[in-house]
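Undergrad: Predicted model follows, preceded by the sequence.
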Amino acid sequence: MQIHRQIAAGILLSGLLMGTAIAATNQNGDDNDPLKGLPPQGSVKLSKVVATAEERPGFYAIKSIDYSDGDYHVVYYMNDGAEVHIDYDAKTGDGHPPKSSGLFGD
């Protein structure tokens, strides 16, 4: 019984030490930056990206907009029901086809 308590105490202590090490790493890194993962300061305004998509001939409605890797990722529908995926560079506002993430895309 004593051995089981010692093992349990050792496991608990190692877990606490690991948790403390992870917390210290997160405090020193950028993981707590609320602006991390957002478009950089001076980027094209999202309203301009929306207006650009809405001005396309045959545009019907925006389904979703997301931001990552320096691009706004926009998904919208055309009047004929076609779904369009287009990326807009956050710095310039220029549209381009989405980057493929492999053989079958996203």
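TA: Received it, and whenever you're ready, just let me know what you need. Numbers count the residues shown, from 1 in each chain.

Undergrad: can you give me the strands in this structure?
TA: Counting by DSSP state E, the chain has strands at residues 59-68, 71-78, 83-89, 95-96.

Undergrad: right, and those - which one's nearest residue 33?
TA: strand 59-68 (15.2 Å; Cβ to Cβ). Where C-beta positions appear, they are placed from N, C-alpha and C, glycine not excepted.

Undergrad: What part of the chain, helix or strand, is modelled with the least confidence?
TA: Between all helices and strands in the chain, the lowest mean by mean pLDDT, DSSP states H and E belongs to helix 2-28, at a mean of 57.

Undergrad: Please work out which of the strands of the chain is packed deepest.
TA: Of all the strands of the chain, strand 71-78 carries the top mean neighbour count, a mean of 18, counting by mean count of other Cβ atoms under 10 Å.

Undergrad: Could you export the strands of the chain to CSV, including columns for mean pLDDT and distance to residue 37?
TA: What follows is those, written out as CSV (pLDDT from 0 to 100; distance: least, Cβ to Cβ, whole Å):
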stretch, mean pLDDT, distance to residue 37
strand 59-68, 97, 7
strand 71-78, 97, 13
strand 83-89, 96, 16
strand 95-96, 92, 21
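
Undergrad: Tabulate the ones you listed (a markdown table), appending distance to residue 31.
TA: Output for the strands of the chain, formatted as a markdown table (distance: least, Cβ to Cβ, whole Å):
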| stretch | distance to residue 31 |
| --- | --- |
| strand 59-68 | 16 |
| strand 71-78 | 22 |
| strand 83-89 | 26 |
| strand 95-96 | 30 |
